[in-house]
Structures are given as C-alpha cells and as structure tokens.
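Participant: need a structure here:
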Amino acid sequence: MSHLKPTFVFQNHKIYIMDKVTLQRIEKLHPAVREEVKQIIKDCDEALTGRAKIRITQGLRSFEEQEKLYAIGRITSGKKVTNAKAGQSIHNYGLAVDICLMIDGKTASWDTVKDWDNDKVADWYECVKIFAKYGWDWGGNWKTFKDLPHFEKKNIPTKKGMIKTSWRTLAKMPRDKSNYIIF
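Facilitator: Below is the predicted model of the structure:
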C-alpha cells in the first residue's frame, strides 16, 4: 500500500495528519463510508486535546477472518470475541470499525473511562458521541455481548430509500467488481 500517504488537512490553524494505520484501514472500507469515517476520525482527534488519539484497529474483515474469530472460545481456546459467523458481521461488508485510543502515539488503550485531556469527559465517550452524530451505532449500547470498540453504520441509502443496516439485508445485496455491496 505504498500509494497511501498521510492525509494532511489544515484545521484550526494546525496541519492535521491522520494516523497512517487508520488511513490504510479506512481505504479498505466500503467506498460509501470512507470520507465520512475520515471526518469522524478528524472530529475525534480534534475533540481529544490531550495525549490520546483515535486509531481504527479493524475495518473490513474477510469471511475467513470472521470464521477464525468466531472459532475463538468454541473450537480454539480463549474467551469468545464475537457471536457473528462469517457474513453475519457488518465488518464483512466494510460498514463497521473497531477503535482504540493511541496514547502518546505509542500505547494502544481500550480504557473507556480515562480522561486523557482532563475535560471531565472520558475520551472514549467523546468518540462515542461523535460517531453517533454521524449515524453510527456503538457496540457498547447493545443489550447482549457488548462490544465496546465497535461502531457500525446504522442505516444505508438505497434506491428505495434508507434501510437499517443488517447482515441479513446486506448478504442478499448484489456486489460490484471489487466485491463491495451495491446500494
């Protein structure tokens, strides 16, 4: 992926440089959400004025990768990490991301209560609010099997109007030559 370069944006009299790993993961998401996710990441990084910055740890996930994750705690040892089989995760359609916070650009954190910028709001929840503003559902709001790092697009535009994002719906949709679903 040598063609990927950091994104530079002049923002609030500063040059904003998007995390290279995050940018690479965004470029694999469904084309319909790439620009929106870039904006969400910029908004999160702007809101987090302390030591933490957001990083996408997972984006588009292949069916094979999904099966391996589903096997954890079932076929292979470990604690279950997902209830979704291949095709049942919104990641499989490039419409979901998992995040962590990078502290001082070095250490990954999934701490949902730490307030690294001392503004009296946990940095994780600052990001949750920003994702929600753009119409993304947070896995921390799920009633069962809470998935705190997970965000997925709630609704997608189709020729028939907006529809709720559901793997059952997505699995039936046609795909383009790059294997992305066609809305």
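Participant: test my guess that residue 148 contacts residue 139.
Facilitator: Yes. With contacts counted by Cβ atoms under 8 Å, residue 148 reaches residue 139, the gap being 6.3 Å. Any C-beta I mention is one placed from the backbone N, CA and C, and that applies to glycine too.
Participant: burial count for residue 128?
Facilitator: 21 (other Cβ atoms under 10 Å).
Participant: ok, then the element right after the one helix or strand it maps to?
Facilitator: Assigning secondary structure by DSSP states H and E places residue 128 in helix 123-133. Counting by DSSP H and E, the element after helix 123-133 in chain order, helix or strand, is strand 136-138.
Participant: I'd like to know which elements that following strand is packed against.
Facilitator: Applying 3 or more Cβ pairs under 8 Å, 6 or more residues apart in numbering; DSSP states H and E, one finds that strand 136-138 contacts helix 123-133, strand 150-153.
Participant: ok now it, how far from the chain's centre?
Facilitator: Offset of strand 136-138 from its chain centre (Cα atoms, centre = their mean, to the nearest Å): 9 Å.
Participant: partner strands of that strand, parallel or antiparallel?
Facilitator: Listed by DSSP bridges, the sheet partners of strand 136-138 and their directions read strand 150-153 (antiparallel).
Participant: what does the partner strand contact?
Facilitator: Contacting residues not belonging to strand 150-153 are listed as 33, 90-91, 95-99, 131, 135-140, 165 [Cβ atoms under 8 Å, 6 or more residues apart in numbering].
Participant: contacting residues around the closest residue to residue 86 other than its chain neighbours?
Facilitator: Once its chain neighbours are removed from consideration, residue 86 has its nearest residue in residue 63; the separation is 3.7 Å (Cβ to Cβ, 6 or more residues apart in numbering). If you count contacts by Cβ under 8 Å, 6+ apart, residue 63 has them with 86-87, 92.
Participant: done for today, thanks.
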